[in-house]
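> Pasting the sequence and the predicted coordinates here, then a few questions.
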Amino acid sequence: MRTTTLLTAGGLLLAAPACTLAQTIDPSVGNADTPFIRNIRPDRPGQTVTTSMLRPGQVQLELGTQGQLQSAAGAPRSFSQGLLRVGFFGLMELRVQQQYLPQGPAPAPATEGGSAIVGRPGGFAPLTVGAKMLASSNQDTRSQVSVLAELTLPGTGAATFTDKVYEPAARLLVSQQLGERFGLEANLGFKQRGFKAADTSRGQYLGTVALNGPLGEHFGFFAETYTTWQKTASWKPGLTGGLYWRPAPGLRLDVTAGGGPGTSTYAPAGPYVGAGLSVRLPH
């Protein structure tokens, strides 16, 4: 655990030098045709959200599911989520995300010599809506900075999700293109439950660093380290890695494995394996 924490901290510290390096590289005129810019860059399967922005009129659908290898008592053994992204005008992207958890056991009172069964929510979780905005006026530069704002809306999921608290969140997204095909990306985010000052003091911070690149013409890899922390809790680091196959510029399929804390309200923690796909139209 200590080694993972040090790796996570070191990865987060590397994000700043990468941003400084980005300022010393002149964006090439033809950078729009490089694989890093042209090919699809989804906001999954790890915790890192890319700076990649859809063009106005483009639509991107991202679906993924994961199975827990060591689920805690009462926690879901699987977890799925979908994200719909729509390119908007003014270098803005609108998005809607929803998660799905299998239905848990129904609550039951304690029996003689046994313990009570505590029910957990299942079905479709409340919707999360958001917007991603590019800080510069050019989507094709080698270094990019974007801002993501999101809000989880209570009452928009299955009836078993009885929590009626709004959850605002925000992230700073930074990326640096390395060569024509590799990319280094980092996030720094914060989310809280509710809008009161006391809710802010109990909020959760998130830091991520991710590297992705090719292993051939259509295959590639991604690797990520991340950590969450709160004022009242210590750092909780995690790792994610996987492989992807991109048969077309606007289509990507991936397999992934990792372990660490869940970064959304209903995401389970612990080691897992998963798979998913992302498609962008028009590509």
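Arrived safely. None of the values given here were measured: they were computed from a predicted structure.

> How far away from the center of its chain is the helix or strand harbouring A149?
Using DSSP states H and E, A149 maps to strand 143-152. The chain centre lies 11 Å from the centre of strand 143-152; the measure is CA atoms, centre = their mean, to the nearest Å.

> Sort out which residues of that strand are buried, please.
By neighbour count on 16 or more other CB atoms under 10 Å, the buried set for strand 143-152 is S143, Q144, V145, S146, L148, E150, T152. To be clear about C-beta, it is placed using only N, CA and C from the backbone, and glycine gets the same treatment.

> Dump the longest strand anywhere in the chain to PDB, restricted to CA.
What stands out as the longest strand in the chain, according to DSSP state E, is strand 233-248. Extracted in PDB, the C-alpha atoms of strand 233-248 (Å, rounded to 0.1, in the frame of the first residue of the first chain):
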ATOM      1  CA  ALA A 233      -9.500  10.500   5.600                       C
ATOM      2  CA  SER A 234      -6.100   9.400   4.300                       C
ATOM      3  CA  TRP A 235      -5.100   8.900   0.700                       C
ATOM      4  CA  LYS A 236      -6.700   5.900  -1.100                       C
ATOM      5  CA  PRO A 237      -4.600   5.100  -4.200                       C
ATOM      6  CA  GLY A 238      -5.600   2.900  -7.100                       C
ATOM      7  CA  LEU A 239      -4.200   1.600 -10.400                       C
ATOM      8  CA  THR A 240      -5.900   0.900 -13.800                       C
ATOM      9  CA  GLY A 241      -4.400  -0.700 -16.900                       C
ATOM     10  CA  GLY A 242      -5.600  -2.300 -20.100                       C
ATOM     11  CA  LEU A 243      -5.500  -2.900 -23.800                       C
ATOM     12  CA  TYR A 244      -7.700  -1.500 -26.600                       C
ATOM     13  CA  TRP A 245      -8.500  -2.400 -30.200                       C
ATOM     14  CA  ARG A 246      -9.500   0.300 -32.600                       C
ATOM     15  CA  PRO A 247     -10.700  -1.200 -35.900                       C
ATOM     16  CA  ALA A 248     -11.800   2.300 -37.100                       C
END
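
> and that strand, which strands flank it?
Paired neighbours of strand 233-248 in the sheet (DSSP bridges): strand 219-230 (antiparallel), strand 251-259 (antiparallel).

> which of the ones you listed is buried the deepest?
Highest mean neighbour count of the strands paired with strand 233-248: strand 219-230, a mean of 20 (counted as mean count of other CB atoms under 10 Å).

> could you turn it into CSV, dropping everything but the C-alphas?
Extracted C-alpha coordinates of strand 219-230, given in CSV (Å, rounded to 0.1, in the frame of the first residue of the first chain):
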residue,chain,number,x,y,z
PHE,A,219,-3.9,-1.9,-30.9
GLY,A,220,-2.8,0.2,-27.9
PHE,A,221,-2.5,0.4,-24.1
PHE,A,222,-3.5,2.7,-21.3
ALA,A,223,-2.2,2.8,-17.8
GLU,A,224,-3.3,5.0,-14.9
THR,A,225,-2.6,5.8,-11.3
TYR,A,226,-5.0,7.8,-9.2
THR,A,227,-5.9,8.6,-5.6
THR,A,228,-8.8,10.0,-3.6
TRP,A,229,-8.5,11.9,-0.3
GLN,A,230,-10.6,13.8,2.1
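
> From the chain's centroid, how far away is that strand?
Centre to centre, stretch against its chain (CA atoms, centre = their mean), the figure for strand 219-230 is 9 Å.

> same thing with stretch 191-199?
Using CA atoms, centre = their mean, the offset of stretch 191-199 from its chain centre is 21 Å.

> Between the buried residues of strand 143-152, which sits nearest R193?
T152 (8.8 Å; CB to CB).

> low-scoring stretches of the stretch 101-250 of the chain, by residue?
Where the stretch 101-250 of the chain drops to pLDDT under 70, the residues are 104-119.

> ranges for the helices of it?
197-201 (DSSP state H, counting those that start in this stretch).

> ok, now which ones touch the spatially most central residue of the chain?
Centroid-nearest residue in the chain: Q47, 3.4 Å away (criterion: CA atoms, centre = their mean). Shown in contact with Q47 (CB atoms under 8 Å, 6 or more residues apart in numbering): N187, L206, T208, E224, Y226, G238, T240, T263.

> Quick check: closest non-adjacent residue to it.
Leaving aside its sequence neighbours, Q47 sits nearest to Y226 (CB to CB, 6 or more residues apart in numbering; 4.6 Å).

> Confirm for me that the one you found is in contact with R171.
No. Y226 lies out of contact with R171 (CB atoms under 8 Å); the separation is 11.9 Å.
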